[in-house]
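[1] okay, here's the prediction I keep looking at, along with the sequence it came from:
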Amino acid sequence: VPVAIQLDRERGSAVYTPDEPNPNDWMMARLFVSNCHFIVHQFRSHALVCHFMQEPLSVGTRKCLPASHPVYKLLRPHFHGLISINNSARGSLVMAEDYGSFARLAGDLFAMGAHGNAASAIRFYETMEFQDFFFENRLRHNGVWGEDVIADYPYRDDGRLVMAAITNYVSSIIRFYYHNDAAVKQDPHLRTWALDLYTKGKVRHPGLETMHDIASLVDFLSNVIFIASAFHAAVNFNQVAIAGNTANIPGSLYRSPPVEKGTLGEEDLVRYLQPNGIAQRQIGLMGILSTQSGDRLGFFRERLFVEVGALEIQHAFQEELAEV
């Protein structure tokens, strides 16, 4: 819970605290924070990181790596349905140009509209690198990596177990096919793939274009898979439970903050919230987004690996996930 909220950047503007004489002032300030947080969550953590930043990885993998390549086989299952979902989002949740469309009704549930949603995602992208959302990097950036900061943090604690299982799996597969760093550096398909991601896919990751050792390849692939699976599940599948209540997490608000404190009544708070029809659309959208697919981490729709050693590694991965 925040200890204070300032809604205006101007020096001397009102600061709201939980001890406001009129509790509706604090509730109003929290509505604005919830709305801003929802937009950042939806169009940075979810749409940008889990969908649009994964798209060049999916396209580059299919374009540059033969189907027999171990990296292709590692990544392909985790891009299932990605392009189709992203195409559905374009023109509805996000729009590059601001023009009228019935489909954009979904994006216009949010305060900035479908065009503004796209613009905010672009701004986020321009200020971050792909590695910023690597599991450990993100937790360290937020200051919550150590148990001495927060003793009970399920996302971190469970995430470490899942991340360890993914890393063990990726490392075992890569080392099964590449016996040393020189083999990685000399793989022409891998060099083409990495260069394509960096130059054409605009994947902002330091050293990607010159990735030539087992350790950096394992780290990159492991985090790509974690983001596509565990991180995506964490930021997406519980959305209806949180944002399905539009008074808890409103996608948009319909009044400006009051000029003076102490003037808001309960009926004024209600007027900040979405009209009934728009609220129903938000509930419906959250329900759609939270619908779980049939994909499960460690269970594969296709048998891509055929070597006995690789299949044994996959089986060990499934057993480790079962213990998690």
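    Perfect, thanks for sending it. Residues are numbered from 1 along each chain as shown.
[2] so, low pLDDT: which residues of the stretch 51-200 of the chain?
    The stretch 51-200 of the chain contains residues with pLDDT under 70 at 96-107.
[3] got the contact list for Leu297?
    Contacts for Leu297 (CB atoms under 8 Å, 6 or more residues apart in numbering) come out as Val162, Ile166, Ser229, Ala230, Leu321. Where you see a C-beta, it was placed from the backbone N, CA and C, and this is true even at glycine.
[4] if we go to 7 Å?
    Ser229, Ala230, Leu321 (CB atoms under 7 Å, 6 or more residues apart in numbering).
[5] and what of Lys202?
    Counting by CB under 7 Å, 6+ apart, Lys202 has contacts Pro56.
[6] apply 10 Å and report the result again.
    Lys202 makes contact with Met53, Pro56, Tyr125, Phe130, according to CB atoms under 10 Å, 6 or more residues apart in numbering.
[7] how about the residues you listed in TSV, adding distance to Tyr16, neighbour count and secondary structure?
    Formatted as TSV, the contacts of Lys202 follow (distance: CB to CB, whole Å; neighbours: other CB atoms under 10 Å; DSSP: H, G, I helix; E, B strand; the rest coil):
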residue	distance to Tyr16	neighbour count	secondary structure
Met53	35	23	coil
Pro56	42	18	helix
Tyr125	32	17	helix
Phe130	36	24	helix
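[8] make TSV from those residues and add distance to Trp145 to it.
    Formatted as TSV, the contacts of Lys202 follow (distance: CB to CB, whole Å):
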residue	distance to Trp145
Met53	22
Pro56	28
Tyr125	24
Phe130	19
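[9] what two of those are the furthest from one another?
    Pro56 and Tyr125 (11.5 Å; CB to CB).
[10] buried residues, the lengthiest helix in the chain. List them.
    Ranked by residue count and defined by DSSP state H, the top helix of the chain is helix 154-177. Burial within helix 154-177, assessed by neighbour count using 16 or more other CB atoms under 10 Å, is assigned to 156, 159, 162-163, 165-174, 177.
[11] chain center to the next helix-or-strand element following that helix: distance?
    Downstream of helix 154-177, the first helix or strand assigned by DSSP states H and E is helix 181-185. The chain centre lies 31 Å from the centre of helix 181-185; the measure is CA atoms, centre = their mean, to the nearest Å.
[12] list the contacts of helix 181-185.
    Contacts for helix 181-185 (CB under 10 Å, 6+ apart): 174-175, 177-178, 190-191, 210-218.
[13] now do the same contact list for the closest residue to Leu304 other than its chain neighbours.
    Sequence neighbours aside, Lys73 is the residue nearest to Leu304 in space, at 4.0 Å (criterion: CB to CB, 6 or more residues apart in numbering). By CB under 10 Å, 6+ apart, the residues touching Lys73 are 61, 65, 67, 173, 177, 300, 302-306, 310, 314.
[14] for Lys73, give its distance to Ala29.
    Distance of Lys73 to Ala29, computed by CB to CB, to the nearest Å: 51 Å.
[15] what do you get for Arg271?
    Distance from Arg271 to Ala29, by CB to CB: 16 Å.
[16] those two - which one has more neighbours?
    Ala29 (23 against 12; other CB atoms under 10 Å).
[17] wait, the more buried one touches Ala4, no?
    Yes - in this structure, Ala29 is within contact of Ala4 by CB atoms under 10 Å, at 8.9 Å.
[18] identify the contacts common to these two.
    Joint contacts of Ala29 and Ala4 (CB under 10 Å, 6+ apart) are Val15, Tyr16, Thr17, Pro18.
[19] now do the contacts for the nearest residue to the third one once chain neighbours are set aside.
    Yep, that's Thr17 we're talking about. Distances taken as CB to CB, 6+ apart put Ala4 closest to Thr17, at 5.0 Å, once the chain neighbours are dropped. The neighbours of Ala4, taking CB under 10 Å, 6+ apart as the test, are Val15, Tyr16, Thr17, Pro18, Asp19, Trp26, Ala29.
[20] returning to what we had before: of the contacts of helix 181-185, buried ones?
    Ile174, Tyr177, Tyr178, Leu190, Arg191, Met211, His212, Asp213, Ile214, Ser216, Leu217, Val218.
[21] need the contact list for the second one.
    Going back to what we said before, that points to Tyr177. His69, Pro70, Val71, Lys73, Leu74, Ala183, Val184, Asp187, Phe305, Glu307, Gly309, Ala310.
[22] in helices, which of those fall?
    Filtering these for helices - DSSP H - leaves Pro70, Val71, Lys73, Leu74, Ala183, Val184, Gly309, Ala310.
[23] which of the residues you listed lies closest to Ala247?
    Leu74 (43.3 Å).
[24] measure Phe135 to Val144 for me?
    From Phe135 to Val144 the distance is 12 Å (CB to CB).
[25] which one of these two is surrounded by more residues?
    Using other CB under 10 Å as the criterion, Phe135 and Val144 rank with Phe135 on top: 22 against 14.
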